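A.B. asks: got a structure for you, letters missing:
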């Protein structure tokens, strides 16, 4: 795995929109405020023309979005790339990317994004052995007052900390969609508790961390971009820790998706799984979220943590996709520590 530099003072940052852009509120105001924050911190911000653009379900046609990423990736003056948004059709840019060119670039850099950005944050380590951050988009830094969630994210991507702690509360309802509240911090109002599927009180895991948004990963299975078998073989001696989180998937969708990953061979050499809090966890036909996880993952015989602070329900811990990391859990709380590239 390539070694990358964390975000350094006065770095030049590229803001790109490989999926949606931030034309509409509240994302436009948040993006503008985040740019102000980072400029005040001394960073040089290069804003893509696509960052504030939206054309129904995308910021631009697929090739234009792919070119936008490649310009930032190959620009040796750019030190760090932030995605401004997730979306729905980022997978379409993959056909316009050359991962051999990406792999051989003289100045690789961190990309930070999540959700639809799984298309890059997952494939960069799998196809090119280049790690990527899986965490909040740039507008999340646009709240007027940075809370513990934003502060921990910033401290991690700047390399000030390597160990991140679980949060005490999570957001059950996003109030920031309301006019006058666009720049508020998250509404962390529900007690956060990590859970162990086998009810163990204490778990410690080390291994090669890989994963992303399960909704997106499903679109990659069986395609020419599915080189997971090669990736897990490269790192089998360290063992693989999968992290997964969902957006649109229902309880039954999640059950089917996990079955698909398992039968595609993705969980070979798996040492454990970390499952983020789902947006859609309502039981269907008396079939619960916990039952979906147990039904598909119990036979792996490895620890499974769920309701972890990762993914679409903030606050979330930023992960280094492709890194060697340690996850520790005890009595509902936990830590995730980046150990090495």
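C.D. replies: Received the coordinates, thanks. This is a predicted model, so every value here is computed, not measured.

A.B. asks: Could you use CA atoms for every contact and neighbour count after this?
C.D. replies: OK.

A.B. asks: can you give me the helices in this protein?
C.D. replies: Using DSSP state H, the helices found in the chain span residues 27-40, 62-74, 99-104, 118-121, 123-128, 148-157, 214-220, 228-234, 251-263, 289-297.

A.B. asks: out of the ones you listed, deepest packed?
C.D. replies: helix 118-121 (a mean of 26; mean count of other C-alpha atoms under 10 Å).

A.B. asks: what's the average pLDDT for that helix?
C.D. replies: Averaged over helix 118-121, pLDDT sits at 98.

A.B. asks: what's the residue most central in space within the chain in contact with, if anything?
C.D. replies: Nearest to the mean C-alpha position of the chain, by C-alpha atoms, centre = their mean, lies residue 134 at 2.8 Å. Contacts for residue 134 (C-alpha atoms under 8 Å, 6 or more residues apart in numbering) come out as 112-114, 118, 121, 212, 318-321.

A.B. asks: Apply 7 Å and report the result again.
C.D. replies: Listed by C-alpha atoms under 7 Å, 6 or more residues apart in numbering, the contact set of residue 134 reads 112-114, 121, 318-321.

A.B. asks: Check residue 308 too.
C.D. replies: Counting by C-alpha under 7 Å, 6+ apart, the residues that residue 308 touches are 194, 274-277.

A.B. asks: give me that answer again for 6 Å
C.D. replies: Residues in contact with residue 308, defined by C-alpha atoms under 6 Å, 6 or more residues apart in numbering, are 194, 275-277.

A.B. asks: ok, now residue 187?
C.D. replies: Each residue near residue 187 by C-alpha under 6 Å, 6+ apart is listed here: residue 171.

A.B. asks: Quick check: it vs residue 30, distance?
C.D. replies: Residue 187 is 16 Å from residue 30, where distance means C-alpha to C-alpha, to the nearest Å.

A.B. asks: likewise residue 169?
C.D. replies: 22 Å.

A.B. asks: Now render the helices of the chain as TSV, adding distance to residue 329.
C.D. replies: Formatted as TSV, those follow (distance: least, C-alpha to C-alpha, whole Å):
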stretch	distance to residue 329
helix 27-40	33
helix 62-74	36
helix 99-104	35
helix 118-121	25
helix 123-128	26
helix 148-157	19
helix 214-220	23
helix 228-234	24
helix 251-263	23
helix 289-297	18
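
A.B. asks: between those helices, which gets nearest to residue 48?
C.D. replies: When the helices of the chain are compared by C-alpha to C-alpha, helix 62-74 sits nearest residue 48, at 7.3 Å.

A.B. asks: Which neighbouring elements make contact with the closest one?
C.D. replies: If you count contacts as 3 or more C-alpha pairs under 6 Å, 6 or more residues apart in numbering; DSSP states H and E, helix 62-74 packs onto no helix or strand.
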